[in-house]
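J.: have a look at this fold, sequence not included:
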C-alpha cells in the first residue's frame, strides 16, 4: 500500500524470501597463488618420533607472502601408552567470495522489541556502499594451535585416544551485524541503492580462542556366528570465546551509539549459538553380506542471542538416531 516502507516493490520470490543475485551483483576477481611445502620426520629410537613442517605461500594480491610451520612429537611410554603433541601456526587468505559476494535477502529480525522484515544487502568489501559504511580491505587470518594428548591400547581390540587443544585465530573474517535504520538507508540511497534497505559486509571483525578436547574409544568385538561388531564412542567439548573486537569505524561511530560493527547477536552466534558438547555412540555390525550401522548422537544445548536481551532464548540438548543398513546381494 502507498505510504508503507515497501510500497511499489515486488515481493521476493521463493519460500526463502530471497531476491537472489541480480545482474548488478555480478563481478570479477582473480589472483594467483604459489606455494612450497616441506615435511620431515625423525625416529631417534623406537619410542620417539619428532616431526617438523613448513610452508611458504605467495599471493599476487594484498594477501602477500606467508610462512607457517609445525613441530610435533610422539613418545611411547609402553607398548600400550603413548603421548603426542604439536604446535603449529596457520594462515588463510580471504576467500575471493568473501571479497566479492553480493546478494539481497529478506529476513525477519528483532529491531528493538519489534520483529521486522528487512531487505538486507550483502555488499562487496570494495564497493562504494560498503566503504561508506566503514569497510576496509580484508586481511588474511592467522592462527596458533597447541594440542596434546594420549593414545591407549590396553587390550588388543580396544583403542582409546584423548586430545586437548587451544586455537587462537587472529583477524577472523565474519559478516558484520545487520546495519539498519534511517542513517544507514540515507547513505545507501545516496549511492544509488533502493530505499529502506539494510546492509552487511565481510570484515576482519574479531580475534577468537577455541578450546576443547576429544575423547574417542573403539572396540572390535567378535560375536561368533553373528559376525563382527566395531563399537565406537566419542565425546567432544568445545568452547569459543572472543578475545578482541575491532572498534567501530569512524563511518559507523558518526551514526550514533546504536550502530556497532559486530553486535551481540553476531557475537552470540560464535560463542553460544552452537552446542558445546557432542556425543556419538555407534556400532558397525557386519554379518555375512549384511551390514547394520545404528548411530546415536547427542547435541548439547545452545542459546540464540538477540540484541534485545529479553528476546534471547536457550534450547536444551537433543538426541537423534541414525540407522543405516546395507546388503551385498552379489559379488
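T.: Done, it's in. It should be emphasised that the depicted structure is a prediction, and the values quoted were computed from it without experimental measurement. Numbering: from 1, shown residues only.
J.: can I take it that residue 247 is in a strand?
T.: No - according to DSSP: H, G, I helix; E, B strand; the rest coil, residue 247 belongs to no strand; its state is coil.
J.: contacting residues for it?
T.: Going by CB atoms under 8 Å, 6 or more residues apart in numbering, residue 247 touches 253, 261. In short, each C-beta sits where N, CA and C put it, glycine included.
J.: from the contact counts, what lies against the longest strand along the chain?
T.: Counting residues, the longest strand found in the chain (DSSP state E) is strand 202-222. Applying 3 or more CB pairs under 8 Å, 6 or more residues apart in numbering; DSSP states H and E, we find strand 202-222 packed against strand 158-175, strand 228-245, helix 264-271.
J.: and those, which one's lowest on average pLDDT?
T.: Out of those, helix 264-271 stands lowest, with a mean of 92 (criterion: mean pLDDT).
J.: what's the distance between residue 22 and residue 122?
T.: For residue 22, the distance to residue 122 (CB to CB, to the nearest Å) stands at 12 Å.
J.: mutual contacts of these two, please.
T.: residue 104.
J.: for these two, indicate the residue with more neighbours.
T.: residue 122 (18 against 10; other CB atoms under 10 Å).
J.: run through the residues that contact residue 81.
T.: Going by CB under 8 Å, 6+ apart, residue 81 touches 150, 151, 152, 153.
J.: contacting residues for the closest residue in space to residue 215 that isn't next to it in sequence?
T.: Spatial nearest neighbour of residue 215, chain neighbours left out: residue 235 (4.7 Å); criterion: CB to CB, 6 or more residues apart in numbering. For residue 235, the contact set (CB under 8 Å, 6+ apart) comprises 214, 215, 216, 277, 278, 279.
J.: if you set the cut-off to 10 Å instead, what comes out?
T.: 162, 213, 214, 215, 216, 217, 277, 278, 279, 280, 281, 298 (CB atoms under 10 Å, 6 or more residues apart in numbering).
J.: next, give me the two most distant ones among these.
T.: With CB to CB as the measure, no two of the contacts of residue 235 lie farther apart than 162 and 298, at 19.0 Å.
J.: list the buried ones in the longest strand of the chain?
T.: For strand 202-222, a neighbour-count test (16 or more other CB atoms under 10 Å) marks 202-208, 210, 212-216, 218 as buried.
J.: next one: stretch 134-149
T.: Neighbour-count burial for stretch 134-149, counted by 16+ other CB under 10 Å, picks out 134, 135, 138, 139, 140, 141, 142, 143, 145, 147, 148, 149.
J.: what of stretch 308-317?
T.: Across stretch 308-317, burial judged by 16+ other CB under 10 Å covers residue 312.
J.: again, but for stretch 36-51
T.: If you call a residue buried by 16+ other CB under 10 Å, then stretch 36-51 has these buried ones: residue 49.
J.: equivalent analysis for stretch 49-63, please.
T.: For stretch 49-63, the neighbour count (16+ other CB under 10 Å) marks 49, 52, 53, 55, 57, 59, 63 as buried.
J.: looking only at pLDDT, what's the mean for that stretch?
T.: Across stretch 49-63, the average pLDDT comes to 96.
J.: partners of whatever helix or strand residue 278 lives in, with directions?
T.: For residue 278, the element it lies in under DSSP states H and E is strand 277-287. Strand 277-287 sits in its sheet next to strand 228-245 (antiparallel), strand 290-299 (antiparallel), going by DSSP bridges.
J.: what about the stretch 151-300 of the chain, any weak spots by pLDDT?
T.: Residue ranges of the stretch 151-300 of the chain with pLDDT under 70: 256-258.
J.: thinking again about what came up before, and the contacts of residue 81, which are buried?
T.: residue 151.
J.: and residue 267, how many residues sit next to it?
T.: Using other CB under 10 Å, residue 267 has 20 other residues around it.
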